[in-house]
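Sequence first, predicted model second:
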Amino acid sequence: MSRHVRGALFVDYVRMLRARKNVNWSTRLPPEDVAFLGAAIVADQWYPMATFERFGLAILELIAGGHLALVKEWGRSSIDGLQLVHPDLITPGEVRESLMKFHVLRTGFFDYPALTVCGINDGEASLEIAYQMGPLAEEAASIQTMGFFERLLELSGARHSRVWFGTKSWAGDPVTTLDLTWE
């Protein structure tokens, strides 16, 4: 079954690759991927997850230089752009409410269960991450997701927050779980 990502997320990857004018993408990516670099990306359309994965790996290698800490920071900053499109995402002082809003919103980003909120309580939450990519891409995407949730907790007013991987599929666990706690 083909998996897809919404253009609202896909466009960020396209912009980053387009900005690298010194790279001949036709020598690094298949023709079907290169075509997207010259096309208009529509926020509410679906795009192939396989292309998204290859774009992400190219960004990791050529833009982040393989540094996953930069990927995490990008995840942290990505929430700012998402808030422009969805200004009601964050409820200041209400972490649980902000997470619930994200839970509803996230179903529109992928056409398969890439990110599942397993539980949200006062002071804690658990998510399952299953982008279904190769190990390096899965690790990078999961770390980006970790950064996103760290920042979501901060913006929502969480104090003494902690975000960590309970399990890691890229390290051999059956699934990846992201656990969050806060006061």
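Sure, I can see it.

Now do the domain split for this protein, please.
Under the assignment automatic domain parsing, the domains of the chain span 4-62, 68-181.

Quick one: those domains as TSV, columns for mean neighbour count and mean pLDDT too.
Bear in mind the C-beta positions are built from the backbone N, C-alpha and C, glycine included. Output for those, formatted as TSV (neighbours: other Cβ atoms under 10 Å; pLDDT from 0 to 100):
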stretch	mean neighbour count	mean pLDDT
domain 4-62	16	95
domain 68-181	17	93
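
Gly65 in helix, strand or coil?
Secondary structure assignment for Gly65 (DSSP: H, G, I helix; E, B strand; the rest coil): coil.

Of all residues in this protein, which one is nearest the centre?
Thr145 (4.7 Å; Cα atoms, centre = their mean).

Just after whichever helix or strand it is part of, pick out the following helix or strand.
Assigned by DSSP states H and E, Thr145 belongs to helix 135-155. For helix 135-155, the succeeding helix or strand toward the C-terminus, using DSSP H and E, is strand 162-167.

and that following strand, how far from the chain's centre?
Relative to its parent chain, strand 162-167 has a centroid offset of 16 Å by Cα atoms, centre = their mean, to the nearest Å.

Can you check what angle separates it from helix 135-155?
With axes from the mean of the first three to the mean of the last three Cα atoms, to 10 degrees defining the directions, strand 162-167 sits at 150 degrees from helix 135-155.

moving C-terminal of strand 162-167, what's the next helix or strand?
Counting by DSSP H and E, what follows strand 162-167 is strand 176-181.

Which elements pack onto that next one?
strand 124-129, helix 135-155, strand 162-167 (3 or more Cβ pairs under 8 Å, 6 or more residues apart in numbering; DSSP states H and E).
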